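A.B. asks: Sequence first, predicted coordinates after that:
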Amino acid sequence: MKRKGFLSALMLLLMAASAMALPKVETPLLATTCGQSPGAMMIKMSAMQAKVAPVDSSKTLTADELDPAKCRTLVVTAGTSMKGMGAAGTDVDKEIARCTALMKAAKEKGILVIGAHIEGMARRTDASDEASIKAVMPLADVILVIEDSNSDGFFTKYAQELGKELIVVKDALSIGAKLAELQ
Amino acid sequence: MDRLTRIKWIAAVLCAASALWAGVEFYEMRHYKEPVVLGPGVTQVQKLSAYEPSLAGTVNDCNVYILDSGRPGGTVLLIGGTHPEEPATNLTAQIFVENAKPEAGRLIVVTRANTSGSLYSRNGEAYPSFYEIKTSWGSKKWRLGDRAGSPLDSWPDPEVYVHYPSRQLLAYMDIRNLNRCWPGRPNGLLVERTTYGMAQMIRSLGVDVVVDLHEAELEYAVENTIVAHEKAQEIAAMASMMLTSTEFEVPIGMEFSPTALHGLSHREVGDHTPAMSLLYEVAEPLLDRIRGVTDQKLVLEGKDDFVVEAGKHKLLYAPIDENGWHIDVRVGRHISTFLQCLDIFSMMNPERTITITGVPRYAEVKEKGVGAFFHDPSKAAKDRVEYD
């Protein structure tokens, strides 16, 4: 009996500790993408669906444009689109430079930074995808991924290596609900 | 007769026999008409030449099926057969013609956008000329075709294709590729005039949304996705998330339409007409360079050991296993993606609502097979059957 009580108390403690480790998401929320994929647009639409507001996305947001009055949470999605980068006249190196500067500026300004991978294994196919993931995640306060992106357990191991909290949601549509829950 | 003369005669007879055999196949493909049973929603069938008169009398004067609910709402154009070697596209479009019932707004369908390309086969690729799908009333046959229009209908190709109006330089044969010829021009070659006719139709009928259906090889990075013009990005993002979450085992992604890549529907329709444009891709192993035997089985079942092997070596952008990418899966994905985009468009533009019923979604197509949704032309009234 005593042992059951002890285990229950331990579980509650662990759950509380886990909840405490998760950040509080404040709005306005801004999303951008390191690699010109539609990830940021998906974050925006999913958040809007869950009534997280105000929320917006930008493909080109820079450190200079970051205003803490207009952004309390910054989500940077990793995973690249060759079509998107070609269209924007950029490449993965320029995108990494833009996003790492942006994330560093956000941290200096006290903005919560979420590193995300939300477009599944389709955005984990080549060296550009890998480069964007490895540029974004170390600078994030917390990592947010969907189950498909982590289907091989990569992000579980990587988050552990980086000592970051990892949030895994079922799919991109579930992101909004998770953000709402963390508000 | 000496030995050399005998050899010459044998060679001549063999060549003549081969030419005759090929000629018969060629003739059959060129002249086979695909029956389309007009479903309960079809209120009118027009010819594309109504919008670009120079198409009259050409093979690309395709049917334009109009399904008008008679109730206020928006208008959507669904394009199948842009690349005839992508059969899920014309089959999807035809399922809408034979089954859809619009409850609000208007649906316009083109099943054979580049008919010319469906009348001949790709040189050197050993494609089958036709494919047949089983139905409860017998087997139904379609032409497979090539990616681009036939040189018989559009000749000669230029040394370099200068796209109008961007002046971007493209490969010479792309002047026959319907998805490199948007927005077209009235004094161009056949396929440019075809897209011009469709662009004129979009303008004159006040089309809100244009959807161009495609299939792609698994070696191609833009796979199982919705490519969206700026005007349609929010719809595409929402649709891809909802379909991935609720319907598809293999996720459907989204890509932005590149602004500097010209001639494609997802770019030019959005730029040159008031409509928003979307293009859907689904995996088709038939198109992979590394495929093995190219037969009707591969067209319909999408199974190929070589492509599966490439997947094991991480050389593909879409998953594939021994189940392949069956035509039921490919058509079902296109239908659900189209209906989902319409739902989201209607939610975001309630005054332009488009509601379509009578069409199966992905799970039902997978369960019953595409053949369950085509109707017997011999049982339909003569004035309710058209030919593509």
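C.D. replies: Right, received. Where do you want to start?
A.B. asks: Let me know the pLDDT of A:Ala16.
C.D. replies: According to the prediction, A:Ala16 has pLDDT 49.
A.B. asks: Over to the one 10 residues further on?
C.D. replies: As predicted, A:Glu26 sits at a pLDDT of 95.
A.B. asks: so which helix or strand takes in it?
C.D. replies: Under the criterion DSSP states H and E, no helix or strand holds A:Glu26.
A.B. asks: Quick check: the gap between it and A:Ala69.
C.D. replies: As for A:Glu26, its distance to A:Ala69 is 12 Å (criterion: CB to CB, to the nearest Å). Backbone N, C-alpha and C define where each C-beta goes, glycine included.
A.B. asks: So for these two, which residue has more residues nearby?
C.D. replies: Higher neighbour count among A:Glu26 and A:Ala69: A:Glu26, with 13 against 7, using other CB atoms under 10 Å in any protein chain shown.
A.B. asks: Now do the same contact list for the more buried one.
C.D. replies: A:Glu26 makes contact with A:Arg72, A:Thr73, A:Leu112, A:Gln183, according to CB atoms under 8 Å, 6 or more residues apart in numbering or on different chains.
A.B. asks: how close does the second one get to chain B?
C.D. replies: Going from A:Thr73 to chain B by CB to the nearest CB, to the nearest Å gives 19 Å.
A.B. asks: Now the phi/psi pair for the nearest residue to B:Ser240 once chain neighbours are set aside, please.
C.D. replies: Once flanking residues are discounted, B:Ser240 sits nearest to B:Met254: 4.4 Å by CB to CB, 6 or more residues apart in numbering or on different chains. Main-chain torsions, B:Met254, degrees, to the nearest 10: phi -150, psi 140.
A.B. asks: Specify the beta-bridge partners of B:Met254.
C.D. replies: Here B:Met254 sits in beta bridges with B:Ile226, going by DSSP bridges.
A.B. asks: Would you check that it makes contact with B:Ala236?
C.D. replies: Yes - taking contacts as CB atoms under 8 Å, B:Met254 lies within contact range of B:Ala236: 4.7 Å.
A.B. asks: So those two - more neighbours on which side?
C.D. replies: Using other CB under 10 Å as the criterion, B:Met254 and B:Ala236 rank with B:Ala236 on top: 32 against 27.
A.B. asks: can you pull the contacts of the more buried one?
C.D. replies: Counting by CB under 8 Å, 6+ apart, B:Ala236 touches A:Pro38, B:Ile226, B:Val227, B:Ala228, B:Met254, B:Leu278, B:Cys341.
A.B. asks: make it 10 Å
C.D. replies: A:38, A:41-42, A:45, B:225-229, B:252-257, B:266, B:276, B:278-280, B:337, B:341, B:344 (CB atoms under 10 Å, 6 or more residues apart in numbering or on different chains).
A.B. asks: One more: B:Arg203?
C.D. replies: B:Arg203 neighbours (CB under 10 Å, 6+ apart): B:Tyr51, B:Pro183, B:His272, B:Thr273, B:Pro274, B:Ala275.
A.B. asks: In ChimeraX, select just the buried ones from those residues.
C.D. replies: Here is the ChimeraX command that selects the buried residues among those (16 or more other CB atoms under 10 Å in any protein chain shown):
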select /B:51,183,272,273,275
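A.B. asks: from the contacts of B:Arg203, which is closest to B:Tyr362?
C.D. replies: Comparing the contacts of B:Arg203 against B:Tyr362 with CB to CB places B:Ala275 closest, at 25.3 Å.
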